[in-house]
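1. sequence-free structure coming up:
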């Protein structure tokens, strides 16, 4: 870094100390000749803060301005005009410091779908797999599909209580398989879930990637530093402006700027800086640096509801949420790193196809041994259980647009949930599949009746009406600055550079072309690991062509009738050494 008489200069300025930003800071600063500055708008992830580090405390940061950006959508027309709340992490580690700690890669066919788009052939599963493996240490054991020496230590389950046992048995009674590992050879089926919890403590991206290297002389991390705009000379980005701790604007020069603010903050900053749809920018009097119509478009997310049941037996964790138990929970976690506070409780679930015409899982279940809202509110009773459910591949598309030129005013978010016939059909299938599982004989000893949506919700229209009034986001916004080379693409797949702009890259969930099947933390970290090699000029990891489960060969990647289905690669050859009973 240089410059005592003017703005400081760094080789790389990373905007956002969240999931991707922490990974990039680690990998890029490994070269002592590269100076790296990380600017995080939020505060540090204080090591003694139990709301961050205690896994079961995950409801507390959500809605709290000290941890959460507190976004809201515009009124959603197909959800009775409701504004849908969107929590986003506002501290080091980003959303990995406040999320549900569920660690899922998505289905291998997600990445085959990515690779089928023009210019994206090196984003297929074979090219992504080595980066998934490089980033993780799978406590359950490394194998052909799982890593064993990465910074993200991933625990599994254990999902061993009476309610989890009933859930897995009921899934089989309903006709669905179990699987050994939803992040391994076969995602489809039900199993204990991986979680980014290690020894009873949240393992965020900041803890895994950033804190171990904070003493590097070529790495600087500033918190409470909100970037307000990119500095440009023509079509080259030369640095950033940022506000430090709510006070005056500072400047820093950069050889390169990498946006890692996530699917909302990164496109917002692009638009504020004159990079986006020309008409939108000119309407607000913003000088156009690059006319990129795709910035803020293609917004995707997962919506979810909770199907809740009361329990006849005292087997849930509900009573532990009473205030009188909280000191014991806190002490047990603080001194022993065990007990109710040491798990995220989302220890099991599954992925299924909604009907036989669907070629890879499009519905996801998270089972929870309590009946409660995600944010910790509205407990349904002393004892109960629930599944968090939602379609994974909704064909609705939303947008992010500027409300004003004020960098501190949130952009307008329109998700258009429930706006397509296919989305509504999948919701009906989703709710009926959940009820089928939860009413199997395995739950007979526990089933004291459905609490939500309740027996009054039965017809297709009643189900859709309930979803419209009760659903929440699963907190997976993505795809607002997508990789590709088509007219709506924003980021070059081979370099992570923003099309038409020099000195600027984007690395976070905004670059996904399609939202993956599952939670987003693991895919974001994979993208960051792969991007680090592309940015540093390292030789990319060699692709690993390992087999993965397909319901049938020649699986189409797009909805029926889409001409892109004709581009699907031929079936994979049979392979030896697969899990018992599996086929390639």
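-> Looks like it arrived, so ask away. Given the structure is predicted, the values throughout are model-derived calculations rather than measurements.
2. quick one: the helices in this protein, in order.
-> Using DSSP state H, the helices of the chain run over 19-28, 50-53, 108-115, 125-135, 162-173, 205, 262-272, 278-283, 326-336, 421-438, 460-470, 521-536.
3. which stretches of the stretch 1-150 of the chain have low pLDDT?
-> 1-5 (pLDDT under 70).
4. go with 90
-> 1-7, 46-48, 56-60 (pLDDT under 90).
5. strands along that one, start to end?
-> All strands of the stretch 1-150 of the chain, identified by DSSP state E, counting those that start in this stretch, fall at 8-15, 36-39, 71-72, 85-86, 136-138.
6. now residue 350: how far from residue 219?
-> Applying C-beta to C-beta, to the nearest Å, the value for residue 350 to residue 219 is 41 Å. Heads up, the C-betas are built off the backbone N, CA and C, glycines and all.
7. what sits against residue 416?
-> Residue 416 makes contacts with 76, 77, 78, 396, 397, 398, as judged by C-beta atoms under 8 Å, 6 or more residues apart in numbering.
8. let's see that with 7 Å instead.
-> 396, 397, 398 (C-beta atoms under 7 Å, 6 or more residues apart in numbering).
9. what score does the closest residue to residue 262 other than its chain neighbours have for pLDDT?
-> The shortest distance from residue 262 to any non-neighbouring residue, by C-beta to C-beta, 6 or more residues apart in numbering, is to residue 508 (5.1 Å). Residue 508 is assigned 98 on the pLDDT scale.
10. the more surrounded of residue 350 and residue 219?
-> Taking neighbours as other C-beta atoms under 10 Å, residue 350 and residue 219 compare with residue 350 leading, 26 against 23.
11. measure the closest residue to the more buried one other than its chain neighbours to residue 175 for me?
-> Using C-beta to C-beta, 6+ apart and skipping the chain neighbours, the partner closest in space to residue 350 is residue 190 (3.3 Å). Distance, residue 190 to residue 175, by C-beta to C-beta: 11 Å.
12. got a list of what the residue nearest to residue 401 when sequence neighbours are not counted touches?
-> Nearest non-adjacent residue to residue 401, counting by C-beta to C-beta, 6+ apart: residue 412, 4.9 Å away. Residue 412 makes contact with 74, 401, 403, according to C-beta under 7 Å, 6+ apart.
13. and if you look at residue 38?
-> Counting by C-beta under 7 Å, 6+ apart, residue 38 touches 14, 17, 21, 25, 221.
14. could you do residue 147 as well?
-> Neighbour list for residue 147: 132, 133, 134, 135, 136, 137, 138 [criterion: C-beta under 7 Å, 6+ apart].
15. what about it, distance to residue 124?
-> On the measure of C-beta to C-beta, residue 147 and residue 124 end up 18 Å apart.
16. ok, residue 224 next?
-> 40 Å.
17. go on, residue 394?
-> For residue 394, the distance to residue 124 - C-beta to C-beta - is 23 Å.
18. of those two, which one has the most company?
-> Set side by side, residue 394 and residue 124 show more neighbours around residue 394, with 24 against 20, by other C-beta under 10 Å.
19. who's in contact with the closest residue to that one other than its chain neighbours?
-> Nearest non-adjacent residue to residue 394, counting by C-beta to C-beta, 6+ apart: residue 423, 4.7 Å away. Counting by C-beta under 7 Å, 6+ apart, residue 423 makes contact with 391, 394, 395, 396.
20. partners of the first one in the sheet?
-> Applying DSSP bridges to residue 391 yields these beta-bridge partners: residue 363.
21. and it, what does it touch?
-> Counted by C-beta under 7 Å, 6+ apart, residue 391 has contacts 362, 363, 423, 426, 427, 430.
22. for these, which one is nearest residue 240?
-> When these are compared for distance to residue 240 (C-beta to C-beta), residue 423 comes out closest, at 38.1 Å.
23. the closest residue to residue 94 other than its chain neighbours: neighbour count?
-> Distances taken as C-beta to C-beta, 6+ apart put residue 18 closest to residue 94, at 2.1 Å, once the chain neighbours are dropped. For residue 18, the neighbour count with other C-beta under 10 Å is 34.
24. show me where the stretch 451-584 of the chain has its strands.
-> Per DSSP E, counting those that start in this stretch, the stretch 451-584 of the chain carries strands over the ranges 472-473, 504-506.
25. which one of those lies nearest to residue 100?
-> Across the strands of the stretch 451-584 of the chain, closest to residue 100 is strand 472-473 (C-beta to C-beta), at 12.3 Å.
26. could the contacts of residue 38 go into CSV alongside distance to residue 31 and neighbour count?
-> Shown next, in CSV, are the contacts of residue 38 (distance: C-beta to C-beta, whole Å; neighbours: other C-beta atoms under 10 Å):
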residue, distance to residue 31, neighbour count
14, 14, 31
17, 19, 32
21, 17, 31
25, 12, 30
221, 17, 22
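27. residue ranges with poor pLDDT in the stretch 451-584 of the chain?
-> Ranges of the stretch 451-584 of the chain meeting pLDDT under 90: 551-584.
28. cutoff 70 now
-> For the stretch 451-584 of the chain, the ranges with pLDDT under 70 are 554, 556-584.
29. now residue 107: how far from residue 353?
-> 11 Å.
30. list residues touching both of these two?
-> Shared contacts of residue 107 and residue 353, defined by C-beta under 7 Å, 6+ apart, comprise 360, 361.
31. more neighbours, those two?
-> When residue 107 and residue 353 are compared for neighbours, residue 107 comes out ahead with 26 against 17, by other C-beta under 10 Å.
32. dump the residue contacts of the more buried one.
-> Residue 107 touches 187, 360, 361, 517, counting by C-beta under 7 Å, 6+ apart.
33. relative to residue 200, how far out is the residue nearest to residue 47 when sequence neighbours are not counted?
-> Once flanking residues are discounted, residue 47 sits nearest to residue 53: 7.3 Å by C-beta to C-beta, 6+ apart. From residue 53 across to residue 200, the span is 9 Å (C-beta to C-beta).
34. same question, residue 329
-> According to C-beta to C-beta, residue 329 and residue 200 sit 12 Å apart.
35. now swap in residue 300 and tell me
-> 34 Å.
36. of those two, who's got more company?
-> Neighbour tally, residue 300 and residue 200, criterion other C-beta under 10 Å: the higher count belongs to residue 300, 24 against 20.
37. which residues touch that one?
-> Neighbours of residue 300 in contact, by C-beta under 7 Å, 6+ apart: 397, 478, 479, 515.
38. select only the buried ones of those in ChimeraX?
-> Of the contacts of residue 300, the buried ones can be selected in ChimeraX as follows, counting by 16 or more other C-beta atoms under 10 Å:
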select :478,479,515
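39. pick out whichever of the contacts of residue 300 sits closest to residue 438.
-> Out of these, the member with the shortest distance to residue 438 (by C-beta to C-beta) is residue 515, at 26.1 Å.
40. look up which residues are beta-bridged to the spatially closest residue to that closest one that is not a sequence neighbour.
-> The shortest distance from residue 515 to any non-neighbouring residue, by C-beta to C-beta, 6+ apart, is to residue 300 (4.2 Å). Beta-bridge pairing for residue 300 (DSSP bridges): residue 478.
41. confidence score at residue 300?
-> Looking at residue 300, the pLDDT reads 98.
42. wait, which of the helices of the chain is closest to residue 180?
-> Between those, helix 162-173 lies closest to residue 180; by C-beta to C-beta that is 12.6 Å.
43. list the contacts of the closest one.
-> With contacts defined as C-beta under 7 Å, 6+ apart, helix 162-173 is touched by 178, 190, 315-316, 347-348, 350, 367, 369, 385, 437-438, 440-443, 446.
44. next: stretch 117-125.
-> Outside stretch 117-125, the residues within contact range by C-beta under 7 Å, 6+ apart are 108, 111, 112, 114, 115, 483, 484, 485, 486, 493, 513, 548.
45. now the residues you listed: which count as buried?
-> By neighbour count, with 16+ other C-beta under 10 Å, those hold 108, 111, 112, 114, 115, 483, 484, 493, 513, 548 as buried.
46. so who does the last one touch?
-> Pointing back at residue 548 there. Contacts of residue 548 by C-beta under 7 Å, 6+ apart are 108, 125, 185.
47. distance of it from residue 124?
-> Taking C-beta to C-beta, one finds residue 548 at 11 Å from residue 124.
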